[in-house]
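[1] Please find the sequence and the predicted model below.
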Amino acid sequence: LNLDAWRGPSAADRRHILSLGAQTEIPKTGGVTLSSTMRYMSGAPFTIFDSSIDADRNGELVDPVPAGTYSGTAPDSMKSVEYKGGRNGAIGPDYFQLDARAGWRRKVRSDRALELFLDIYNITNRANFDNPTAPGVPGASTDRRLPATFLVLTNLRGGGGFPRQALMGARFVF
């Protein structure tokens with residue numbers, strides 16, 4: 001049993017995370033505000049394995065592949081992925097999203113206000129993909145034995161990886 005093969009970064013490890021936000025109220029417009037939020041995250045690590053061999057002969061076919069550069073053969077797969085070997089030795093796609101809000105606020109009384117706003121999420125309409133996954137193998141990242149799905153990005157990242165969306169709203173503040 002080679003436990004060193006399973007040493008590596010956590011699946012939630014990201015080397016870079018940057019969030020910027022800004023808001024301004026435009027003077028002499030009667031309460032018009034503009035704001036934006038930008039988020040960037042470097043890719044999360046994942047494991048590449050080959051379920052056709054049992055390298056450590058322990059009866060389990062989820063051993064990580066050796067270090068090297070790997071590419072999928074499917075047309076929409078990741079190419080030239082550097083893999084350090086072991087657990088989570090490859091880095092998945094990065095994440096970028098820019099959101100904006102335009103709003104208007106008018107005081108109705110000293111302690112009450114009416115707000116109208118338009119939110120636009122993912123202005124750049126960038127597809128933010130999750131790491132590749134191996135179908136039917138829970139907890140596994142990607143299987144070299146399955147060329148049709150090896151290193152193919154299929155899932156959008158939840159919580160903001162979706163295409164551009166807009167939301168209009170009104171709020172009464174009291």
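    Yep, it's here.

[2] what about the nearest residue to residue 21 once chain neighbours are set aside, neighbour count?
    What sits nearest to residue 21 in space, not counting adjacent residues and going by C-beta to C-beta, 6 or more residues apart in numbering, is residue 37, at 4.7 Å. (C-beta placed from N, C-alpha, C; glycine too.) For residue 37, the tally of surrounding residues (other C-beta atoms under 10 Å) stands at 15.

[3] Against residue 92, how distant is residue 37?
    Distance, residue 37 to residue 92, by C-beta to C-beta, to the nearest Å: 23 Å.

[4] Can you tell me the strand partners of the lowest-mean-pLDDT helix or strand in the chain and which way each runs?
    Sorted by mean pLDDT, DSSP states H and E, the helices and strands of the chain end with strand 142-143, the least confident at a mean of 80. Note on strand 142-143: by DSSP bridges, its sheet partners are strand 48-49 (parallel).

[5] just the strands in the chain please.
    With DSSP state E as the definition, the chain shows strands at residue ranges 17-25, 32-41, 45-46, 48-49, 68-70, 81-83, 90-91, 95-109, 112-121, 142-143, 165-173.

[6] pLDDT weak spots in this protein?
    Across the chain, the stretches falling below the confidence threshold (pLDDT under 70) are 1-2, 5, 134-141, 159-161.

[7] quick one: contacts for the residue lying closest to residue 24 once chain neighbours are set aside?
    Across the structure, with C-beta to C-beta, 6+ apart as the measure, the residue nearest residue 24 apart from its sequence neighbours is residue 34 (5.6 Å). If a contact means C-beta atoms under 8 Å, 6 or more residues apart in numbering, then residue 34 has 23-24, 26, 100-103 as its contacts.

[8] So residue 173 sits against residue 110, correct?
    No - contact between residue 173 and residue 110 fails when scored by C-beta atoms under 8 Å: they sit 11.9 Å apart.
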